[in-house]
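J.: this is a predicted model, with the sequence first.
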Amino acid sequence: MMLPRIHARPRLGATVGGRLLRTLLLLGMVPRGAVALDDSPPVAPIAEIRALATADLARHPEVRIRGVVTRTRQSSLFVQDASAGIYVNIARALIRGVMPRDVARPDVPLGSEIEIIGVADPGGFSPIILPRTLTVVGPGNPPEPRPFDPTPSSRGCTTASSLR
């Protein structure tokens, strides 16, 4: 007997339907293979993630971004798309169990286009991403540097972005 396949694709974070399907699977109430869960969120502009309220960020919504690596460090990256830039903290993702320790971090050269699936976090100064997976897509086109705005009202809004 062929079972229908159910596809669940929640937007930012898990939905009630996605959680219900996952629970039913874990309890064995839905046969394996009958459900194909694709709960990775759609690619979001980085500015959209940075605009989330602190209370929303504290709930650690699932996010997916695609952008160009503008700076690398031993345990972190700065990634920028056409809308904004953001800090990606790999060390904190490992400590908090967001990124499995057995996942090898790919070599990420400066200027690479990458796709990250992970969770948003309020960070200490501005929103950050804790990656679950990090995939190098290929060479990227660096975004155009933004003009520097020294006014106090702009503080924090250009964090992790290339400036001129």
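T.: Good, I have the coordinates.
J.: now I117. Its backbone dihedrals?
T.: For I117, the backbone dihedrals are phi -110, psi 130 (criterion: degrees, to the nearest 10).
J.: give the burial count for I49, as a bare number.
T.: If you count neighbours by other CB atoms under 10 Å, I49 ends up with 22. Every C-beta, even on glycine, is put in place using the N, C-alpha and C of the backbone.
J.: residues touching it, list them.
T.: For I49, the contacting residues are 63, 65, 86, 120, 127, 129, taking CB atoms under 8 Å, 6 or more residues apart in numbering as the criterion.
J.: any idea which of these is closest to I95?
T.: I129 (14.6 Å; CB to CB).
J.: farthest-apart pair in the contacts of I49, please.
T.: Looking across these, with CB to CB as the criterion, the two at the greatest separation are I65 and P127, at 11.3 Å.
J.: okay, and the common contacts of those two?
T.: Common contacts of I65 and P127, defined by CB under 8 Å, 6+ apart, comprise 49, 86.
J.: now the helix or strand containing R66: buried residues?
T.: Secondary structure assignment for R66, by DSSP states H and E: strand 62-72. Of the residues in strand 62-72, those buried by neighbour count under the rule 16 or more other CB atoms under 10 Å are 62-70, 72.
J.: which stretches in the protein count as strands?
T.: In the chain, the strands defined using DSSP state E lie at 6-8, 35-37, 62-72, 76-80, 85-89, 112-121, 128-139.
J.: test my guess that A82 contacts P143.
T.: Yes: with contact taken as CB atoms under 8 Å, A82 and P143 are classed as touching, separated by 5.7 Å.
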